[in-house]
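Undergrad: Everything below, folded, please.
(2 chains)
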Amino acid sequence: MNENARPIFTVAPRRASPAGWIAIVAVAMLAVVPLLCGGPVVDKLTTLCVYVLLAVMWNLLAGYAGLVSVGQQAFFGLGGYFALRLVEAGLPPYPALVAGAFASAGIAVPISLFLLRLRNGEFAIAMWVTAEAFRLLVMFDPLVQGETGTSLLALNAYEPDLRRNLTYWVALASMAAMTAGSYWLLCRRIGWAARAIRDDEDAAASIGIETMRVKRVIFIVAALGCALAGCIWLASAITFQPRTNFGVQWTVFMLFMVLVGGLRSFEGPIIGALLFFAVQEIFGDFGAWYLAGLGAVAVAFALYLPEGIWGALRSRTGIELMPTQVKHP
Amino acid sequence: MSTGIENRLHLNRRRFVTLAGGAAAALTVPAGVRSAFAQGDDVIRVGFVSPQSGPIGIFGEGDPYVLDLVRKTVAEGIEVGGKRYGVEFISKDTQSDPVRAAQMAKDLINGDKVDLMLSTSTPETVNPVADACEAAGVPSLSATSPWEAFYFGRGAKPGEPTPFKWTYHFCFGVGNFATLYADQWSKVETNRRVGVLLPSDADGNAIRGLLLPQLEKAGFTIVDAGPYENGNADFSTQINLFKSEGCEIFNTFPFPPDFAVFWRQAAQKGFAQQVKICQMAKAGLFAPELEALGSLGYGLHAGAYWHKAYPFKSSATGLSGLELADGFEAWSGKQWNQQVGATAALFDAALTALKSAANPKDKPSMAAALSGLKADTACGAIDFTGGPVPNCTPIGLVGVQWVKAKEGSKHPFELEIVSNADHPSVPLTADMTAYSVQG
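TA: As a prediction, this is how the structure comes out:
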């Protein structure tokens, strides 16, 4: 960072905070879980990694850059679709999954040129429309056969335990890398610029922030994260059905986790993901009542605890594990 | 002050130790119990995944009823190769969500360590479950989803060897519709001109590519209105085309809610009045859909994969078709539906397969039993050695007609079997009549 561009506010700790070290140790411990625990634990943790990844990505978009998207399933679905196509072209499955995610992020580049000109509600709706358009286009592919879909059969070549563990490690690595990456991004100039845009885009532009560039970087990073999540989910479910992989439910999950955990804080979405995962495990069998309960919880949080669990905790106790808030010098 | 803090710390530490101990115990005890189960070789564990709530929950309405009967049948265990095994069924509801279907399948495979997986009703249920089983090497048997969607919809390619070692499926396919329609559409006098309404989805495309040429060969003139997107709200172009072409037969494979929209518009524009046969597929499986149409629904035609008049006994429940239907009506207070029998058929096939396996606790042996399975079910006989592809076998369809129930009936609609060319051992229950708009 050059001297002229030194920010007025400082936030990025020069060395890793204790919470940062704890996070590193936690990831290291999670990495050896498959060696110690059985299949059910590894499968559940893979799902949890997908949830955390999705929540962190949506918070990066909506919480930090003010880009409220209800169409992130576009990248979730496209990632899986590209992976399928790459496997069909002869690539081994795991490299194809990662490459598929990057290809999906590549698609986010041209999309950002158009969609980021829109703001607020218009952007949200346009993203949803984009996701639906991608679903329809993918359904034209004879490989996908309309709504029928297809399956990533190449993964069956792996022995079941190895496949489960590989998928888990890919999930853990993606989750850790994307979470650390977004934290790094948020502690830099671009992170501050994003927050300025969120608070007032015109004012941000008037003080010389290149709003389009900043929004584009955040948008593409979030697209990559969601696409990785989509590829991991495809690897663990194997089935690709356009209405499922491009389903709006993925965005609803993200919204729920971030709103309940705490928008605009770094810890919030992670807590939200843990909570959502736990609720799903414990109450998931209640069917319609479970869904109604989720809805009621989301409404209650939006009305009475708009800052989410972490936001409320922070304002009461002043705790800050991974500070991304402004601290006045 | 300091003692207070110490006290708190102390308490905290003690609580922590208790908690940690509890957690450790919680982690170890179930693991011990589970491994004892896994080692025990006298209980066969069977997973069952179906949609019992949510938008397609009507398919699974009768599943708990059927499952209860099957549990009673196997309460004493079953005998395989001179050895007695207990059979435990673990049922999971997908809530009509394919994501949850995949999760439930993985829970059953990894957590409950099932020896055999069963699933039923729509590709959204059976495909994710079968994929999880194929990947984990767990034998799986499924039903009630066109076999082409199960086989080609999971990445198998026509003309190539089957990529599936573990997953087996029995259900009707396109070929059954061809046989059925050729017969059913000859039951009333028409000009043999067929208006066809097929959406741009997978079923629509499969029917357009495979069924329409066969129907033309059978002597029908096909008027295809072309693909449309599911959820369409305005069908005037299609209706005008069918009217001007003078179609007296109408056939459609819609997303079920779209049919009511189409048929109301067809009645408003005078097309329904010229139609003598209105043949629904995918739509019109369940009475509530017809009840929503009201008097416009009297006389509509469809295909069915089970009916209470089927003459086959279900060995897994010990009941005949009529007993199954009556039992379900008494249990639920609702009208019987065709999935009740189809679910019973799945259990019939599953128990037969378990009994024919050399060792039902051994997965390759169980898969081998499925690949050569011949069974008598509530839906009729199935034979996996007969093709059309190694992992699938078709079951017959009957032609049915929804008619106004007789005076005094509890339900507004009754279902009559009017064509059995595709399933000759099923008796007809009524003569087919031409459709006419009533009310």
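Undergrad: In the stretch 1-150 of chain B, where is pLDDT below threshold?
TA: B:1-41 (pLDDT under 70).
Undergrad: Please identify the residues of it in proximity to chain A?
TA: By the rule CB under 8 Å from any CB of the partner chain, the part of the stretch 1-150 of chain B lying against chain A is B:31, B:52-54, B:93, B:95, B:97-100, B:102-103, B:106-107, B:109-111, B:123-124, B:127-128, B:131-132, B:134-137, B:149. C-beta coordinates here come from the backbone N, C-alpha and C atoms, glycine included.
Undergrad: so what's the backbone phi/psi at residue B:249?
TA: Phi and psi for residue B:249, reported as degrees, to the nearest 10, are phi -120, psi 140.
Undergrad: How about the contacts made by it?
TA: Taking CB atoms under 8 Å, 6 or more residues apart in numbering or on different chains, we find residue B:249 in contact with B:185, B:190, B:192, B:193, B:194, B:195, B:220, B:275, B:276, B:277, B:279.
Undergrad: Surely the fourth one and residue B:246 touch.
TA: This points to residue B:193. Yes - using CB atoms under 8 Å, residue B:193 makes contact with residue B:246 at a distance of 5.9 Å.
Undergrad: Of the residues of the stretch 1-150 of chain B next to chain A, grab the buried ones for ChimeraX.
TA: Here is the ChimeraX command that selects the buried residues among the residues of the stretch 1-150 of chain B next to chain A (16 or more other CB atoms under 10 Å in any protein chain shown):
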select /B:52,53,54,93,95,97,98,99,100,102,103,106,107,109,110,111,123,124,127,128,131,132,134,135,136,149
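Undergrad: Go ahead and list the helix or strand containing residue B:401.
TA: Using DSSP states H and E, residue B:401 sits in strand B:398-404.
Undergrad: which parts of that strand are buried?
TA: For strand B:398-404, the neighbour count (16+ other CB under 10 Å) marks B:398, B:399, B:400, B:401, B:402, B:403 as buried.
Undergrad: Same question for stretch B:239-250.
TA: Under 16+ other CB under 10 Å, the buried positions of stretch B:239-250 are B:239, B:241, B:242, B:243, B:247, B:248, B:249, B:250.
Undergrad: Serialize these to JSON lines and add fields for secondary structure and pLDDT.
TA: Formatted as JSON lines, the buried residues of stretch B:239-250 follow (DSSP: H, G, I helix; E, B strand; the rest coil; pLDDT from 0 to 100):
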{"residue": "B:239", "secondary structure": "helix", "pLDDT": "96"}
{"residue": "B:241", "secondary structure": "helix", "pLDDT": "96"}
{"residue": "B:242", "secondary structure": "helix", "pLDDT": "96"}
{"residue": "B:243", "secondary structure": "helix", "pLDDT": "95"}
{"residue": "B:247", "secondary structure": "coil", "pLDDT": "96"}
{"residue": "B:248", "secondary structure": "coil", "pLDDT": "96"}
{"residue": "B:249", "secondary structure": "strand", "pLDDT": "96"}
{"residue": "B:250", "secondary structure": "strand", "pLDDT": "97"}
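Undergrad: nearest to residue A:139, of those?
TA: For the buried residues of stretch B:239-250, the closest approach to residue A:139 (CB to CB) belongs to residue B:241, at 24.5 Å.
Undergrad: Spit out the contact partners of that closest one.
TA: When contacts are counted by CB under 8 Å, 6+ apart, residue B:241 touches B:195, B:223, B:225.
Undergrad: measure it to chain A for me?
TA: Distance of residue B:241 to chain A, given as CB to the nearest CB, to the nearest Å: 23 Å.
Undergrad: pLDDT weak spots in the stretch 251-400 of chain B?
TA: Along the stretch 251-400 of chain B, the model assigns pLDDT under 70 to no residue.
Undergrad: what ranges do the strands span in it?
TA: Under the criterion DSSP state E, counting those that start in this stretch, strands of the stretch 251-400 of chain B are mapped to B:277-280, B:301-304, B:374-377, B:380-383, B:392-393, B:398-404.
Undergrad: Tell me which other helices or strands the third one touches.
TA: Other elements packing on strand B:374-377 under the criterion 3 or more CB pairs under 8 Å, 6 or more residues apart in numbering or on different chains; DSSP states H and E are helix B:338-356, strand B:380-383.
Undergrad: mind redoing it with 7 Å?
TA: helix B:338-356 (3 or more CB pairs under 7 Å, 6 or more residues apart in numbering or on different chains; DSSP states H and E).
Undergrad: same question, the longest one
TA: Helices and strands touching strand B:398-404, by 3+ CB pairs under 7 Å, 6+ apart, are helix B:174-184, strand B:301-304, strand B:413-419.
Undergrad: what does it rub up against?
TA: B:180, B:183-184, B:284, B:290, B:297-304, B:307, B:413-420, B:422-423, B:426, B:432 (CB atoms under 7 Å, 6 or more residues apart in numbering or on different chains).
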